[in-house]
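Enquirer: test case, fold it:
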Amino acid sequence: TMADGAPNGYSIITFDGNEYTLDFHAAGRPDDWQMHIHAPEVITSDQSGETDVFVNVFNGSERSKVAMRMDGGDWVELERRVTTDPAYVQLFEAEQKITNKTWRDLPKPKSSTHLWQGKLPAELAPGLHLIEVRTVDMHGREFVDRRSIRVE
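Expert: Numbering: from 1, shown residues only. Next up is the predicted model:
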């Protein structure tokens, strides 16, 4: 994982005259894996409206559109944030606590320019809920990812 929270990978730029397409490929992952959704695994119902969801869109830019919905509801646009990826910060901090390492430390977290943030809806009912995120890249291509969250 890179210091901005994106996975190790590579980009391919394809030219067609004066037009181009930019693709990101995460190493060892399917080509359509284009984002990581970061949210707690478990929350309480009273925490839901204050709970952040962060989405690291690996090939994202200021021209990307990112939206989230819960349980198949309405899409809500997320806001682009230039900050450190909280998932990477957690990984970095966990690694710092390990003693007697036999490997080189992860690089210190750095700001990501491809991170979006939103809040979960308030007062989610107890149970399992589906977070769905859709991004449309600068070339008009859509990618979707999902993950669940449990409300107690």
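
Enquirer: give the burial count for residue 34, as a bare number.
Expert: 24 (other Cβ atoms under 10 Å). Bear in mind the C-beta positions are built from the backbone N, C-alpha and C, glycine included.

Enquirer: need the contact list for it.
Expert: When the contact criterion is Cβ atoms under 8 Å, 6 or more residues apart in numbering, the partners of residue 34 are 24, 57-59, 135, 137, 143, 145.

Enquirer: list just the nearest of these to residue 43.
Expert: Set against residue 43, the nearest of these by Cβ to Cβ is residue 145 (19.5 Å).

Enquirer: possible to save the contacts of residue 34 as TSV with secondary structure, neighbour count and pLDDT?
Expert: Listed next are the contacts of residue 34 as TSV, based on DSSP: H, G, I helix; E, B strand; the rest coil; neighbours: other Cβ atoms under 10 Å; pLDDT from 0 to 100:
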residue	secondary structure	neighbour count	pLDDT
24	strand	19	95
57	strand	25	98
58	coil	23	97
59	coil	22	94
135	strand	23	98
137	coil	21	95
143	strand	19	97
145	strand	17	97
